[in-house]
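# can you look at this prediction? I've put the sequence above it.
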Amino acid sequence: MKWKENISRFVLRRYKDNQRERQGCNLRNAESVGLIYLDRDHRFYRQIKDIAKHLHEELGVKTVAILSYVPFDSKKTPGYLVKKLNSGYFCKSDLNWYGKPVKEINSFIEEEFDILFDLELEPILPLKYILKKSMARMKVGPEQKEWDTQDYDVTICRIEHNPEDGEEVVDQMLVWQEQTERTFKFISEVNIK
């Protein structure tokens, strides 16, 4: 682990949970949902947009906001990412020296989403700052190894995919899709009021 990452983890652990109003909600009753994720490529971006469309059109969520972290400088930002009313991104160049986002995130953090979903299977430190500081009423995310899951109000257990001898390596995109589907299914069906 790099020394900057160690400092970032130390600072994150010291953040107190802000004065947000915690309140459980399922997707069928949610009016606003936030999604945070690490941008990978255009195909992955389309999947995120499809999830947002499904939440809005199929489940009746009025507002679905998307915030992605692009692990490159702003000059190398992919052209398919556009900052709009309910979607945005921040880049590596928007972080301070130890990895804390300092630009483009305040309105997202201050939004009191009914549910905020962390869509990453592994901890992404800039997204952890967003998660920690968010005023969302309920925070949902997957169980993450080597990370304190107290950041979430609801933690979804992960299914481990360990290839047997002679089997092919498991496609991490399929693992991500399965975990995301399980998360949304659980939050849609759970009886939270």
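Everything's here; your move.
# how far away is Lys133 from Leu116?
Distance, Lys133 to Leu116, by Cβ to Cβ, to the nearest Å: 11 Å. For glycine as for every other residue, the C-beta is placed from the backbone atoms N, C-alpha and C.
# neighbour count: these two, which is higher?
Neighbour tally, Lys133 and Leu116, criterion other Cβ atoms under 10 Å: the higher count belongs to Leu116, 28 against 20.
# find the nearest non-adjacent residue to that one, please.
Spatially, and ignoring its direct neighbours in sequence, Leu116 is nearest to Ala136 (3.5 Å; Cβ to Cβ, 6 or more residues apart in numbering).
# give me the number of residues near the one you found?
Ala136 has 28 neighbours, counted by other Cβ under 10 Å.
# cool, Ala52 as well?
Using other Cβ under 10 Å, Ala52 has 18 other residues around it.
# check contacts around the residue lying closest to it once chain neighbours are set aside.
Of all residues not flanking Ala52 in the chain, Val64 sits nearest, at 4.3 Å (Cβ to Cβ, 6+ apart). By Cβ atoms under 8 Å, 6 or more residues apart in numbering, the residues touching Val64 are Ser32, Val33, Gly34, Leu35, Ala52, Leu55, His56, Asn86.
# and if you look at Asp114?
Gln23, Cys25, Asn29, Ala30, Glu31, Ser32, Val33, Ala136, Arg137, Met138.
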